[in-house]
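Participant: structural data only, the sequence is not supplied:
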Ligand SMILES: [Zn+2]
């Protein structure tokens with residue numbers, strides 16, 4: 001078998017607010033709310049519907065890249081997608097099932113849970129990361145994983161043992177991570193040293209482990225993978241195909257050519273990268289001499305004949321082994337030449353120290369309520385992925401007769417342990433400065449873990465700060481790690497007092513007093529408002545007395561001498577408040593406009609029939625009013641689209657200004673919905689396009705193009721009727737559609 005496997009490693013650092021569990025707005029991701037949304041739009045979603053173009057640049061088909069390439073999606077990213085883009089998670093699951101149906105083995109791989117450098121973790125944490133990664137995979141894909149991605153390909157024997165112990169049989173490395181090879185069963189003398197240049201990467205290797213277990217390793221083709229990562233092979237799908245064929249043709253026998261890189265390369269880092277992959281898939285699919293299969297399917301036909309010994313403590317992204325995540329090795333992304341990464345070692349030392357301290361706290365505090373604290377942590381992943389499982393989880397993990405307070409202690413301990421894992425996320429050390437987004441992410445996770453430790457009676461923050469003080473940012477004004485911590489954790493402290501106060505402020509503003517991750521109950525009394533703050537993940541409860549706002553300061557309140565106002569609201573609360581206030585104002589303007597027009601309709605209508613609209617203001621009012629009617633008509637189905645088209649055209653002819661973006665936003669979902677239901681709704685889709693034309697609106701036709709192309713590929717209408725052909729042409733799709 002001659003096989004090609006393109007592997008995408010899809011991953012984002014877990015940037016959720018450590019207390020609230022939600023991703024706050026990230027202005028740098030504009031126009032999107034945050035980077036996960038943005039990269040989903042640019043990469044994760046387009047790879048499920050990657051377009052194939054004809055010679056004229058028109059869409060002639062779509063390819064689900066996930067069904068034809070090997071891929072792993074970071075579990076924390078997958079959790080975010082499950083909440084925010086569930087349809088995409090379903091597509092990934094279907095793609096995995098399709099490839100399993102086709103080749104006997106699914107395309108999806110697991111990943112160690114929150115992307116730590118495993119060789120820098122304690123053996124117990126390595127196990128938990130692997131167990132959690134495999135379990136999240138199982139809950140999402142409905143099967144146990146064959147392969148697991150090692151974050152940054154950072155490898156040592158302990159990590160491989162943990163993978164094997166979890167039933168993982170495959171992992172992926174780069175060729176420089178192999179030390180020597182020999183035939184399986186060979187003696188000591190048959191070992192042969194290899195280098196990145198001499199290792200034959202076109203076969204699988206078995207790695208026998210000290211425990212007696214084994215794991216198979218697929219080595220990626222370094223040159224082709226680099227060509228993908230830096231984009232030169234993605235500029236032209238034809239060039240990529242030729243390159244793959246050339247390497248495969250080098251000699252006879254079974255060969256697997258594996259090219260692996262960050263999945264974000266396909267569409268986010270390199271625009272249209274997903275289309276080059278789609279073209280490659282489409283071309284190779286038709287080549288009888290090449291199979292597009294994953295490493296597990298290849299192994300079933302060509303099992304490893306050789307054994308490999310790895311070079312421990314190496315990775316794919318640091319030429320110095322794994323120093324990038326603990327030392328000033330020189331590896332970096334960008335930034336001024338005088339910057340150093342001398343901050344890495346003290347940050348690593350501080351986090352390692354905290355990790356070990358918190359392990360002691362966890363063991364001591366949860367040994368009472370939990371039957372088996374560390375075993376419970378391994379199984380806690382079920383609650384991390386699906387918080388609703390907490391009840392069933394606790395029922396089996398708690399000792400009989402545990403008191404309510406002991407239950408809270410156990411849950412706080414487990415949450416602390418989770419954040420202690422999250423604070424080891426590799427991204428914190430990968431980039432150029434301590435004070436960057438990723439470095440502060442690590443510090444915020446540590447802050448949350450320390451907060452929970454304090455609730456368990458262990459105060460470690462001061463000592464942690466002493467250690468952080470040794471790490472200095474390259475940016476003079478950022479100061480030391482302790483200064484950064486002061487700003488990103490202490491300065492934005494999440495306390496029951498602040499939660500209670502913001503709830504009262506919101507209540508005074510006439511808003512729902514809510515915050516993600518917490519249930520808040522307000523009990524007004526003579527002395528002030530008693531606020532019950534219940535933390536959902538731990539079951540912990542605090543009651544805070546908030547002093548009512550002073551007269552003249554209705555939107556301020558006080559807790560224990562500290563005053564809170566609108567600016568102390570959490571970002572998620574501010575976002576919600578702004579959206580609501582804006583929404584209210586828009587609604588008021590709309591109803592005022594509608595009433596005014598209704599009052600003068602008897603005059604305007606006859607006049608409009610005869611002469612142009614008298615003023616710009618009136619032209620705009622009429623346009624917005626018509627957009628409202630259009631929205632209402634579409635929502636209720638009260639009026640046929642053809643009538644709307646005529647009215648739109650008539651108004652425009654008289655100089656009415658139709659708000660193009662508003663109308664576009666109203667019409668696009670209707671077009672997409674119709675395109676999803678062919679051939680029945682073809683007339684509806686065409687009617688929407690005609691209304692858009694009449695209104696002079698350019699619609700985003702991307703989703704409809706993909707829906708129609710997908711339908712066409714499956715249905716393959718031999719002689720499409722006139723309306724289908726018209727829709728195809730109107731959407732700018734290729735004549736070769738479905739061929
Ligand atoms: Zn390095």
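Facilitator: Perfect, thanks for sending it. None of the values given here were measured: they were computed from a predicted structure.

Participant: tell me the contacts of the residue lying closest to residue 314 once chain neighbours are set aside?
Facilitator: Excluding the flanking residues, the one nearest residue 314 by Cβ to Cβ, 6 or more residues apart in numbering is residue 177, at 4.6 Å. Bear in mind the C-beta positions are built from the backbone N, C-alpha and C, glycine included. When contacts are counted by Cβ atoms under 8 Å, 6 or more residues apart in numbering, residue 177 touches 153, 155, 219, 310, 311, 314, 315, 316.

Participant: what's the most distant pair in those?
Facilitator: Spatially, the most separated pair among these is 219 and 315, at 14.0 Å (Cβ to Cβ).

Participant: distance of residue 325 from the ion?
Facilitator: 9 Å (Cβ to the ion, to the nearest Å).

Participant: and residue 122, by the same measure?
Facilitator: 23 Å.

Participant: give the contact list for the residue nearest to residue 397 when sequence neighbours are not counted.
Facilitator: Leaving aside its sequence neighbours, residue 397 sits nearest to residue 376 (Cβ to Cβ, 6+ apart; 4.5 Å). Neighbouring residues of residue 376 by Cβ under 8 Å, 6+ apart: 366, 370, 397, 410, 414.

Participant: nearest to the ion, of those residues?
Facilitator: residue 414 (34.8 Å; Cβ to the ion).

Participant: what comes up buried for stretch 181-198?
Facilitator: Within stretch 181-198, the residues that qualify as buried are 181, 182, 191, 194, counting by 16 or more other Cβ atoms under 10 Å.

Participant: for stretch 155-173, same thing?
Facilitator: 155-164, 166, 168-173.

Participant: restricted to helices, list those.
Facilitator: 157, 158, 159, 160, 161, 162, 163, 164 (DSSP state H).

Participant: could you check the pLDDT of the first one?
Facilitator: pLDDT, residue 157: 98.

Participant: also the one 5 residues further on?
Facilitator: We have a pLDDT of 98 for residue 162.

Participant: that one reaches residue 128, doesn't it?
Facilitator: No - in this structure, residue 162 is not within contact of residue 128 by Cβ atoms under 8 Å, at 9.1 Å.

Participant: assign a three-state SS to the residue nearest to residue 397, would you?
Facilitator: helix (DSSP: H, G, I helix; E, B strand; the rest coil).

Participant: what's the ChimeraX line that selects buried ones from the contacts of residue 376?
Facilitator: Filtering the contacts of residue 376 down to the buried ones (16+ other Cβ under 10 Å) takes a single ChimeraX command:
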select :366,370,397,410,414
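
Participant: how about the residue nearest the centre of the chain, what does it touch?
Facilitator: Using Cα atoms, centre = their mean, the residue of the chain that lies closest to the mean C-alpha position is residue 77, 3.6 Å off. By Cβ under 8 Å, 6+ apart, the contact list for residue 77 reads 10, 11, 12, 14, 36.

Participant: what about 6 Å?
Facilitator: By Cβ atoms under 6 Å, 6 or more residues apart in numbering, the contact set of residue 77 is 11, 12.

Participant: just to be sure, it is in a helix?
Facilitator: Yes - assessed with three-state DSSP, residue 77 lies in a helix.

Participant: I'd like the distance between it and the ion.
Facilitator: Taking Cβ to the ion, one finds residue 77 at 25 Å from the ion.

Participant: how is this protein carved up into domains?
Facilitator: As given by automatic domain parsing, the domain ranges for the chain are 2-11+30-317, 332-492, 612-730.

Participant: quick one, strands of the stretch 201-350 of the chain?
Facilitator: Per DSSP state E, counting those that start in this stretch, the stretch 201-350 of the chain carries strands over the ranges 205-208, 214-219, 255-262, 291-292, 306-310.

Participant: mind listing the helices for the stretch 501-650 of the chain?
Facilitator: Using DSSP state H, counting those that start in this stretch, the helices of the stretch 501-650 of the chain run over 571-610, 616-636, 641-653.

Participant: those: which one's closest to the ion?
Facilitator: Here helix 571-610 is closest among those (Cβ to the ion), at 35.1 Å.

Participant: ok so, going back, of the domains of the chain, which shows the lowest average pLDDT?
Facilitator: Averaging pLDDT over each of the domains of the chain puts domain 612-730 lowest, since it has a mean of 87.

Participant: run the chain-centre distance for that domain.
Facilitator: Here domain 612-730 is found 32 Å from its chain centre; the criterion is Cα atoms, centre = their mean, to the nearest Å.

Participant: what is the burial count for residue 586?
Facilitator: By the other Cβ atoms under 10 Å criterion, the neighbourhood of residue 586 contains 10 residues.

Participant: what of residue 308?
Facilitator: For residue 308, using other Cβ under 10 Å, the count is 23.

Participant: same question, the one 5 residues further on
Facilitator: Residues within reach of residue 313, counting by other Cβ under 10 Å, total 18.

Participant: identify the residues contacting it.
Facilitator: Taking Cβ under 6 Å, 6+ apart, one finds 119, 156, 321, 322 in contact with residue 313.

Participant: against residue 61, how distant is the closest residue to the third one other than its chain neighbours?
Facilitator: Right, residue 321. Counting by Cβ to Cβ, 6+ apart, residue 321 lies nearest to residue 313, which is 4.8 Å off, once chain neighbours are set aside. To residue 61, residue 313 is 45 Å away according to Cβ to Cβ, to the nearest Å.
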